[in-house]
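> Sharing a model that was predicted from the sequence below.
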Amino acid sequence: MQEVERDDFYYSLIFLFVSFRDESTLIMEGETIEAFRHHREASIRGIENHFKKLQKLLEAERNWKKIVDAKNKAGFTEELLDNNYWVK
């Protein structure tokens, strides 16, 4: 009885929060509702991780643009860089 209640609970969550066209295609054949929920959560975590990486790249690009703009504003040119004015 407890397993049926758990399946009903997971199915109601899936039914409410997962977009679908036909209820019969909501869950793959032979897959339990709980397994579907776990796969869906893993997929969402993967998307979230990818999004966080993209946010970090965007932030790095913004910081790089600030550095380039500051160098341009200060009058630095590539000639100065070629003449070893920068210490590594």
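Arrived safely.

> Which neighbouring elements make contact with the strand or helix carrying Tyr10?
Taking DSSP states H and E as the criterion, the element that holds Tyr10 is helix 2-17. Under the contact definition 3 or more C-beta pairs under 8 Å, 6 or more residues apart in numbering; DSSP states H and E, helix 2-17 sits against helix 33-74. C-betas here are computed from N, CA, C, even on glycine.

> model confidence over the helix it packs on, on average?
Average pLDDT, helix 33-74: 88.

> between that helix and helix 2-17, what angle do the directions make?
Angular relation of helix 33-74 and helix 2-17 on a 0 to 180 degree scale: 40 degrees, by axes from the mean of the first three to the mean of the last three C-alpha atoms, to 10 degrees.

> how far is helix 33-74 from where the chain is centred?
When C-alpha coordinates are averaged (C-alpha atoms, centre = their mean, to the nearest Å), helix 33-74 and its chain have centres 6 Å apart.

> In space, what's closest to Ile27 - neighbours in sequence excluded?
Phe36 (4.9 Å; C-beta to C-beta, 6 or more residues apart in numbering).

> that older thread, buried ones in the helix holding Tyr10?
Residues of helix 2-17 classed as buried by neighbour count (16 or more other C-beta atoms under 10 Å): 10-11, 14.

> Tell me the one of those nearest Lys73?
Here the nearest of the buried residues of helix 2-17 to Lys73, counting by C-beta to C-beta, is Ile14; it sits at 54.7 Å.

> Quick check: that closest one vs Ala42, distance?
When distances are taken as C-beta to C-beta, to the nearest Å, Ile14 and Ala42 turn out to be 14 Å apart.

> Repeat that for Ser12.
Distance, Ser12 to Ala42, using C-beta to C-beta: 20 Å.

> List every C-alpha atom in the helix holding Tyr10, with coordinates, as PDB.
Extracted C-alpha coordinates of helix 2-17, given in PDB (Å, rounded to 0.1, in the frame of the first residue of the first chain):
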ATOM      1  CA  GLN A   2       2.800   2.400   0.900                       C
ATOM      2  CA  GLU A   3       4.400   1.900  -2.600                       C
ATOM      3  CA  VAL A   4       1.200   2.700  -4.300                       C
ATOM      4  CA  GLU A   5       0.900   5.900  -2.300                       C
ATOM      5  CA  ARG A   6       4.400   6.900  -3.100                       C
ATOM      6  CA  ASP A   7       3.900   6.300  -6.900                       C
ATOM      7  CA  ASP A   8       0.700   8.300  -6.700                       C
ATOM      8  CA  PHE A   9       2.500  11.100  -5.000                       C
ATOM      9  CA  TYR A  10       5.400  11.200  -7.600                       C
ATOM     10  CA  TYR A  11       2.900  10.900 -10.400                       C
ATOM     11  CA  SER A  12       1.000  13.900  -9.200                       C
ATOM     12  CA  LEU A  13       4.200  15.900  -9.000                       C
ATOM     13  CA  ILE A  14       5.100  14.900 -12.500                       C
ATOM     14  CA  PHE A  15       1.600  15.600 -13.800                       C
ATOM     15  CA  LEU A  16       1.700  19.100 -12.300                       C
ATOM     16  CA  PHE A  17       5.200  20.200 -13.200                       C
END
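
> Fine by me, thanks again.
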